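[1] 3D model of this:
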Amino acid sequence: MRRIKSLLFLMVAGVMASCGSQSEEQAAQAEVVIPQVRVKQVFEREVEQIETFSATVAANVVNNISPKMSLRIKTINVEVGDHVKKGQVLATMDPLNLTQAKLQMVNDSLEFSRTTKLYEVGGCSKSEWDARKLASTISRTNYENLLENTILLSPISGVVTARNYDAGDMYAMAQPLYTIAQITPVKLNVNVSESLYTQIKKGMNVDVKLDVYGDEVFKGVVKLVYPTIDPATRTFPVEVVIPNHNERVKPGMFARVTFSYGSANHVVVPDQAVIKQTGAGDKYVYAVEDGKVVFKKVELGRRMGTEYELLSGVNSGDVVVTEGHARVVNGAQVEVVK
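    Residues are numbered from 1 along each chain as shown. Here you go, the predicted structure:
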C-alpha cells in the first residue's frame, strides 16, 4: 500500500513538472518574438532644385478705349474676339461737332495769316497779332481733341475682349466703349516664397502648366523680380512672360509655374519609408542600427514620383524601414527580411 502511494506521488509530481516546463517554454517563446521588417539602404544623390507656385494668366497690356466726352456713336467697326492692329479704326462718333470745329480752325488760321501780313507792314498792333495767334492755336487744339475723340483708334495690336455700346447709343462715360487686350505675350504674376529670393533671377527660364492642357509644358521667362517682400505672406512678386505666338494661352487660365534653380546633393528615400506623426504633422523615417529601430525626424524636400528628397535627418548609407512600421517601437530589436 505504501509502495502504491509512493508511485502515485511520483506520477503527480512528474505531470506537474512537465506542465511547468511547458509553460516556461511557451513564455520564453512569446518573449523572443521579434518584429520583421523590410528595409532599404539609402544614399545621397544629385537632386534638381525646383519649386512650383500657382498663378493666373493675365494679358500683357489692357487698354480701355473711350472718347473723353459724351458723344453719339455713329459706327461700330469691330466685335468681341476680333484681332486689331495698332492704329486701326475701332469706332466713329457723330462728326457734327468735328465739322464745326474744323470750320472754326480753318477760319481762325486764315485770319491769323491775314493779321500776320498786316503786322509785317505795320497795319496792326502787336496785341492784335497776339490775339489772332492765340485764337488760331486754341481752335486747332480743339479740332485735334475732337478728331481724337471722334475717330477711335486702337493704341495696341491685340484682341477685342469687351464692347459695351451699340451704334446709335450716346456714350455716357460710365464704361469704356471697347477693351483691347494684348495677349502675345501673356504674363503671370507669381507670389514666390521669401526663402527663394536669392535664387530667382531676371531672364531665367521657367516651365508653365495649365490645367486646361494637362501635362503639356509651356516655356516662360522671368521678366521682372520685384524688390520688396510682403510682410504678411512672406512672398515676393515675380512677373513671368509666355510668348504665346499661337494664342493658346488665354487670360484668366489657372497655371502652375515651376522654377528650377540648380541642383544639390541630398539623401533620397522611398516614399514608403516616410511616416507622418498623428496630430503633429512631423515626418519620421525609421532607421535600423545594430539590429534596432531608431526613429529619426526628417525634413522633406520635393517629391519625385515614388521617392522623397530629404533635406535633413538621415545620412547617406543609412538603412531605413520600408515595410513593417506598425509592428515596431523606437529602440525595438527587429528582424530584417528580404
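
[2] mind listing what's buried in whichever strand or helix holds Val298?
    Of the helices and strands defined by DSSP states H and E, Val298 is found in strand 292-304. Neighbour-count burial for strand 292-304, counted by 16 or more other Cβ atoms under 10 Å, picks out 293-296, 298, 300-301. No exception for glycine: its C-beta is placed from N, CA and C like everyone else's.

[3] now the helix or strand Arg114 falls within, how far from the centre of its chain.
    Element membership of Arg114 [criterion: DSSP H and E] is helix 96-120. Helix 96-120 has its C-alpha centroid displaced from the chain centroid by 59 Å (Cα atoms, centre = their mean, to the nearest Å).

[4] elements contacting that helix?
    On a contact count with 3 or more Cβ pairs under 8 Å, 6 or more residues apart in numbering; DSSP states H and E, helix 96-120 meets helix 126-150.

[5] so what are the sheet partners of the helix or strand following the helix it packs on and their directions?
    Scanning forward in sequence from helix 126-150 by DSSP H and E, the next helix or strand is strand 151-153. Here strand 151-153 is paired, per DSSP bridges, with strand 89-93 (antiparallel).

[6] quick one: mean pLDDT over the partner strand.
    For strand 89-93, the mean pLDDT works out to 92.

[7] now the strands for the stretch 201-338 of the chain?
    Taking DSSP state E, counting those that start in this stretch as the criterion, the stretch 201-338 of the chain carries its strands at 205-210, 217-225, 235-242, 254-270, 274-276, 283-289, 292-304, 307-312, 319-323, 335-336.

[8] what's the neighbour count on Asn191?
    Burial measure for Asn191: 15 neighbouring residues, criterion other Cβ atoms under 10 Å.

[9] and it, what's its pLDDT?
    Looking at Asn191, its pLDDT reads 97.

[10] how about it, what does it touch?
    With contacts defined as Cβ atoms under 8 Å, 6 or more residues apart in numbering, Asn191 is in contact with 53, 55, 230, 233, 235-238.

[11] only the buried subset of those residues, as a ChimeraX command please.
    To isolate the buried members of the contacts of Asn191 in ChimeraX, using 16+ other Cβ under 10 Å:
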select :53,55,235,236,237,238
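
[12] sorry, back to before: and the strand holding Val298, what does it pack onto?
    Using 3+ Cβ pairs under 8 Å, 6+ apart, strand 292-304 sits against strand 43-65, strand 283-289, strand 307-312.

[13] okay, these in a markdown table with distance to Leu224 and mean pLDDT next?
    Below are these laid out as a markdown table (distance: least, Cβ to Cβ, whole Å; pLDDT from 0 to 100):
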| stretch | distance to Leu224 | mean pLDDT |
| --- | --- | --- |
| strand 43-65 | 12 | 94 |
| strand 283-289 | 36 | 93 |
| strand 307-312 | 29 | 93 |
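
[14] possible to save those strands as a markdown table with distance to Arg72?
    Shown next, in a markdown table, are the helices and strands packed on strand 292-304 (distance: least, Cβ to Cβ, whole Å):
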| stretch | distance to Arg72 |
| --- | --- |
| strand 43-65 | 16 |
| strand 283-289 | 69 |
| strand 307-312 | 66 |
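
[15] mind giving me the domain split of this structure?
    Domain ranges of the chain: 36-45+265-336, 52-58+180-264, 67-175, per automatic domain parsing.

[16] for the second one, measure first residue to last.
    Put plainly, it is domain 52-58+180-264. 17 Å (Cα to Cα, to the nearest Å).

[17] shift numbering so it begins at 149
    Will do, 149 is the new start, and the previous item becomes domain 200-206+328-412.

[18] and it, how far out from the chain middle?
    A distance of 5 Å separates the centroid of the chain from that of domain 200-206+328-412, by Cα atoms, centre = their mean.

[19] equivalent analysis for the shortest one, please.
    The chain centroid and the centroid of domain 184-193+413-484 are separated by 32 Å under Cα atoms, centre = their mean.

[20] distance check, Val484 against Gly461.
    Using Cβ to Cβ, to the nearest Å, we find Val484 at a distance of 21 Å from Gly461.

[21] more neighbours: which of these two?
    Set Val484 next to Gly461 and count neighbours by other Cβ under 10 Å: Gly461 wins out with 17 against 13.
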